[in-house]
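Participant: Below: sequence and its predicted model.
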Amino acid sequence: MHIPDNYLSPQTCIVMGAVMLPIWTIAVKKVKKELTKKKMPLLGIGAAFSFMVMMFNIPLPGGSTGHAVGATLIALLLGPWAACISVTIALLIQALLFGDGGILAFGANSFNMAFIIPFAGYYIYRFIKSRIKTEKGEYVAILIGSYIAINIGAFFAALEFGIQPLLFKDATGMPLYCPYPLSVSIPAMLIPHLLVAGVLEAAITTGVYGFIKKVSPGTIYEGSKTKMNRIYALIFAMICLSPLGLLAAGTAWGESKIGKISSATSGGKALGFVPKGMKNNFSFKALMLDYAINGVPKVIGYILSAVVGVSILLILFKLINSRRNKEDSK
């Protein structure tokens, strides 16, 4: 679901960034006001969890790959505004360090994964839970909310891809950026998410929520004991298992390298050209591109990338929390 650079027009990227600016502003204010000091450190844990979940690529129908996001889980634990902050920072680290998602497309990716998914998942969960007031109803609500939410996020990504050939063409009528129309982008994004990625998101969200509820109830319920060591152990286990994400061959739909897009198939036929706007593309060289390190075996490089990403996120949020504590003590 990570949109790379040059698939969306600069105009689209600017609009999506502008849409996210007030959302980020409100999110920061809401988190400062509503999130307790006890739960503030969990922002970093949430960001680290989302980062790790997105490293576990799985094969999808059509030969592409996909992943869960974990945004609904964070929203259930900390609230959707906090989830927006956590997932946004995780996406930023992915884009800057690992080239996973575009720099220019950061606003669009944040809209889809850090705004749409956590808010959709959280409020669908609340709606269902209010009508099935049992423990079983709670888990039904989590399953349905997380499943629908990631599919809504995929739908918005499909719209962003699909409007490009409608709005941005050259003088001959050829698309300048993403060449796939809505008739291609919507089924290409939704079918794999409905069949596989949504099921994975629902399973992870429900399973991890149940695990946290059992080992660290204070993460969910105010006043209960919070056992952070169990949560850190979960993140560590995910780091160790992260090379499983290398088993899925291919790339996610719409993430082909620019030079290979002419050979990408649509409706069983090769596209046969590279749109001009994508040829004259913005280029950013990430330090650990595709979670790899030059001269290091892929598996080791993937694990080291996971360690680096998680460490940066935890340290960053710890610094933010320390600054907040200093401001509150003045």
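Facilitator: In hand now; what should we look at?
Participant: Helix, strand, or coil at A248?
Facilitator: coil (DSSP: H, G, I helix; E, B strand; the rest coil).
Participant: Tell me the pLDDT of it.
Facilitator: Here the pLDDT value assigned to A248 is 83.
Participant: again with V196
Facilitator: With respect to pLDDT, V196 has a value of 95.
Participant: in the strand or helix carrying Q11, what counts as buried?
Facilitator: Secondary-structure element containing Q11, defined by DSSP states H and E: helix 10-34. Buried residues in helix 10-34, counted by 16 or more other CB atoms under 10 Å: T12, C13, V15, M16, G17, M20, I23, W24, A27, K30, V31. Where C-beta positions appear, they are placed from N, C-alpha and C, glycine not excepted.
Participant: Quickly name whichever of those residues is closest to S130.
Facilitator: Lowest distance from S130 to these (CB to CB) belongs to K30, with 21.6 Å.
Participant: Please tell me how far the residue nearest to that closest one when sequence neighbours are not counted sits from S216.
Facilitator: Spatially, and ignoring its direct neighbours in sequence, K30 is nearest to W81 (3.9 Å; CB to CB, 6 or more residues apart in numbering). Per CB to CB, to the nearest Å, W81 is found 22 Å from S216.
Participant: of the two, who's got more company?
Facilitator: W81 (24 against 20; other CB atoms under 10 Å).
Participant: quick one on the thing from earlier: counting by contacts, list what the helix holding Q11 packs against.
Facilitator: helix 80-98, helix 106-110, helix 164-167 (3 or more CB pairs under 8 Å, 6 or more residues apart in numbering; DSSP states H and E).
Participant: closest to S146 out of those helices?
Facilitator: Judging these by CB to CB, what sits closest to S146 is helix 80-98, at 11.8 Å.
Participant: gap between the closest one and the chain center?
Facilitator: Counting by CA atoms, centre = their mean, to the nearest Å, helix 80-98 is centred 8 Å from the centre of its parent chain.
Participant: That helix to helix 10-34, inter-axis angle?
Facilitator: Orientation of helix 80-98 against helix 10-34 (axes from the mean of the first three to the mean of the last three CA atoms, to 10 degrees) gives an angle of 130 degrees.
Participant: CA atoms only for helix 80-98, dumped as CSV, please.
Facilitator: The C-alpha coordinates for helix 80-98 follow below in CSV (Å, rounded to 0.1, in the frame of the first residue of the first chain):
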residue,chain,number,x,y,z
PRO,A,80,-7.1,7.0,16.7
TRP,A,81,-5.3,10.4,17.0
ALA,A,82,-2.4,8.7,18.8
ALA,A,83,-2.4,6.0,16.1
CYS,A,84,-2.2,8.7,13.5
ILE,A,85,1.0,10.0,15.1
SER,A,86,2.6,6.6,15.6
VAL,A,87,1.9,5.3,12.1
THR,A,88,2.9,8.6,10.5
ILE,A,89,6.4,8.5,12.1
ALA,A,90,6.8,4.8,11.2
LEU,A,91,6.0,5.7,7.6
LEU,A,92,8.5,8.6,7.7
ILE,A,93,11.3,6.4,8.9
GLN,A,94,10.4,3.8,6.2
ALA,A,95,10.5,6.4,3.5
LEU,A,96,13.7,8.2,4.6
LEU,A,97,15.8,5.3,5.6
PHE,A,98,14.5,2.3,3.6
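Participant: from now on call the first residue 729
Facilitator: Let's use 729 as the start, then, which means that last one is helix 808-826.
Participant: tell me the contacts of L770?
Facilitator: Contacts for L770 (CB atoms under 8 Å, 6 or more residues apart in numbering) come out as L805, L806, T947.
Participant: TSV for the residues you listed, including distance to W981?
Facilitator: TSV is the format used below for these (distance: CB to CB, whole Å):
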residue	distance to W981
L805	30
L806	31
T947	35
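Participant: pLDDT check: weakest of those residues?
Facilitator: pLDDT across the contacts of L770 is lowest for T947, at 84.
Participant: Without its sequence neighbours, what residue ends up closest to that one?
Facilitator: Closest to T947 by CB to CB, 6+ apart is I940, at 5.2 Å.
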